[in-house]
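A.B. asks: no FASTA, just this:
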């Protein structure tokens, strides 16, 4: 083919129509304008889209976890603390492990190999292989570099005191949320709020720059309880001992500071280990001192006597005829196990005479008794914030029959929780007023209580209660060498299906030292079945041990000579009435 | 004349640009150091929590009582063995 030089091409001499040239130029200009317009739009007017895309390449939002606050006792001893643990999870579809890898992993995680394989074969997108592993162990799993196996940081709560404090503290679930006790009651304060921040990361995943703190984390607040872990331990261990000795079904002890209303100890049995809750049953979980009501029996007699003194019906030494040891009201008869003859009001309390208490009660209108019981807090829950707090049963005075008023004077036909009973005794331990109970350590301010009885009445009842633990009273076993003690026993038949069964609840409530009451201890033993069931023999020794140990622990000065108790073993205690 | 000023200004601009780069680099280096220290702080906090836990476990009353009774053969004193002492108040001591 013959070549033609471009400049001589015959096509060049053919003049094309002008419109073709203009059309091409126009099209080129148009597309150029479109490009400029698009560029302007992307970079000037709507520049966020590309900006976001760019930032998405190097900016990351990191979650910052917040730890749950610690719980400490009043001396800052740690009772509950969260430490980080890791959970191993997997995407079953991605996790294709060789049999050797699976075997190693199962061994490391302490899992059954079949169990592991079953989990990895599941249809789900996400399975937990093992939750809450210690970080060191989790690091070894990381080193295995398994495909599709991931880790997640979590927190686990530990309770060094174990079962001793279990009911008070409660526990948290796997998601670190409170589920029982203090953990639940103060959950909003204890739990922190996780935050997040936006950072720039480099190729290797190192944080290079802080862009902004999107959401600063809020650490959970630490909580200082009013509990004294030493007193708590004493309460727990002596209660445990007594329950074993008496082969009882359950029991509880409450220790209150009479001057501030702080709860120093609260122990229940049966209990559980909050660090290992795999075999937990309902009976172990119940915080009996707060949630279970019982008929308190004779521990209510001092309130009847106090009301009678307060209303001027009787005085400390007014004689009351309790012979012949029984009394018929309507069709029912109430009786004393041992007829006593003429007793003074003080002796009615000391010897715990049912007839005497009933006579005192019947000298007063039902409304007055009801409002006294109401004012010492019976019938309404204490509202400490615990789940399932019970209020007990106190029926309105209008529906009381005379026989009910009589039995209520010695604690039947009315039910209370142990902590309500302990709190009500504040009225005698203090000069007639009641403080609200404190779960948290209070800063020692002098508190004004709600007056219930006159100071004079409280002092007189205090003397009666001291007589009850002395020889001739129902509970000489409640005495403590070195301290003057006052208190009252209670032994009540249990109600089962509307009738009184041959099962008992033994209780004792008291305070010491009498010269300046510092502590209130309430003890309740449910169904002692080793032969003894009187409050003076079952509950009073627990009271004496807990009270004695606590007073020494707190360094309370003795107000009685430090001599062995006289005649401790020789005199049989007076049997109280039921 | 004008050319010389322009040249000096150009040098100044280049110097400023270089120092800005340097400052940014230093800032990032310091930041990563800060990041490391904060990481260490969190790790130490975790360790502190674990040590507290360990201390509480060793000092648990159940264990202390067990050791005192079984290993050391200790007993609570009998009532007759206790002697109560009253501390003289401070102002009483100072009095001649």
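C.D. replies: Sure thing, it's come through. Source: prediction; values computed, not measured. Residues are numbered from 1 along each chain as shown, chains lettered A, B, ... in the order given.

A.B. asks: need the helices for the stretch 1-150 of chain A, in chain order.
C.D. replies: For the stretch 1-150 of chain A, the helices defined by DSSP state H, counting those that start in this stretch cover A:10-13, A:18-40, A:48-58, A:99-109, A:113-120, A:135-143.

A.B. asks: my bad, should have said chain B
C.D. replies: Ranges of helices in chain B, per DSSP state H, are B:2-58, B:61-66, B:90-94.

A.B. asks: quick one: low-confidence parts of chain B?
C.D. replies: Counting by pLDDT under 70, chain B has low-confidence residues at B:88-96.

A.B. asks: give me the buried stretch members for the helix or strand harbouring residue A:542, please.
C.D. replies: Taking DSSP states H and E as the criterion, residue A:542 maps to helix A:535-554. In terms of neighbour count (16 or more other C-beta atoms under 10 Å in any protein chain shown), helix A:535-554 has its buried residues at A:535-552. C-betas here are computed from N, CA, C, even on glycine.

A.B. asks: for residue 76, give me its contacts.
C.D. replies: I'll assume chain A. Shown in contact with residue A:76 (C-beta atoms under 8 Å, 6 or more residues apart in numbering or on different chains): residue A:224.

A.B. asks: correction: the question concerned chain B.
C.D. replies: Contacts of residue B:76 (C-beta under 8 Å, 6+ apart): none.

A.B. asks: list phi and psi for it.
C.D. replies: Backbone geometry at residue B:76, expressed as degrees, to the nearest 10, gives phi -70, psi 140.

A.B. asks: try the one 10 residues further on
C.D. replies: Main-chain dihedrals, residue B:86, degrees, to the nearest 10: phi -100, psi 130.

A.B. asks: which SS class is the residue lying closest to it once chain neighbours are set aside?
C.D. replies: With sequence-adjacent residues excluded and distances taken as C-beta to C-beta, 6 or more residues apart in numbering or on different chains, residue B:86 is closest to residue A:557, at 7.3 Å. Three-state call for residue A:557 (DSSP: H, G, I helix; E, B strand; the rest coil): coil.

A.B. asks: now the strands: where do they sit in the stretch 251-400 of chain A?
C.D. replies: All strands of the stretch 251-400 of chain A, identified by DSSP state E, counting those that start in this stretch, fall at A:263-269, A:319-321, A:326-329, A:332-335, A:342-344.

A.B. asks: by contact count, what packs against the second one?
C.D. replies: Going back to what we said before, that points to strand A:319-321. Helices and strands touching strand A:319-321, by 3 or more C-beta pairs under 8 Å, 6 or more residues apart in numbering or on different chains; DSSP states H and E, are strand A:342-344, helix A:354-362.

A.B. asks: so can I have JSON lines of the helices of the stretch 1-150 of chain A showing distance to residue B:70?
C.D. replies: Output for the helices of the stretch 1-150 of chain A, formatted as JSON lines (distance: least, C-beta to C-beta, whole Å):
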{"stretch": "helix A:10-13", "distance to residue B:70": "116"}
{"stretch": "helix A:18-40", "distance to residue B:70": "86"}
{"stretch": "helix A:48-58", "distance to residue B:70": "63"}
{"stretch": "helix A:99-109", "distance to residue B:70": "37"}
{"stretch": "helix A:113-120", "distance to residue B:70": "41"}
{"stretch": "helix A:135-143", "distance to residue B:70": "32"}
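
A.B. asks: quick one: closest of those to residue A:232.
C.D. replies: Checking the helices of the stretch 1-150 of chain A against residue A:232 by C-beta to C-beta gives helix A:135-143 as the closest, at 31.1 Å.

A.B. asks: what is the mean pLDDT for that closest one?
C.D. replies: For helix A:135-143, mean pLDDT rounds to 82.

A.B. asks: next, the angle helix B:2-58 makes with that helix.
C.D. replies: Put simply, helix A:135-143 runs at 130 degrees to helix B:2-58, going by axes from the mean of the first three to the mean of the last three C-alpha atoms, to 10 degrees.

A.B. asks: give me the buried positions along helix A:135-143.
C.D. replies: A:138, A:141.

A.B. asks: against which helices or strands is that helix packed?
C.D. replies: strand A:78-90, helix A:99-109, strand A:149-158.

A.B. asks: and the helix holding residue A:542 with strand A:263-269, angle?
C.D. replies: Helix A:535-554 and strand A:263-269 meet at an angle of 140 degrees, taking the same axes, to 10 degrees as the criterion.
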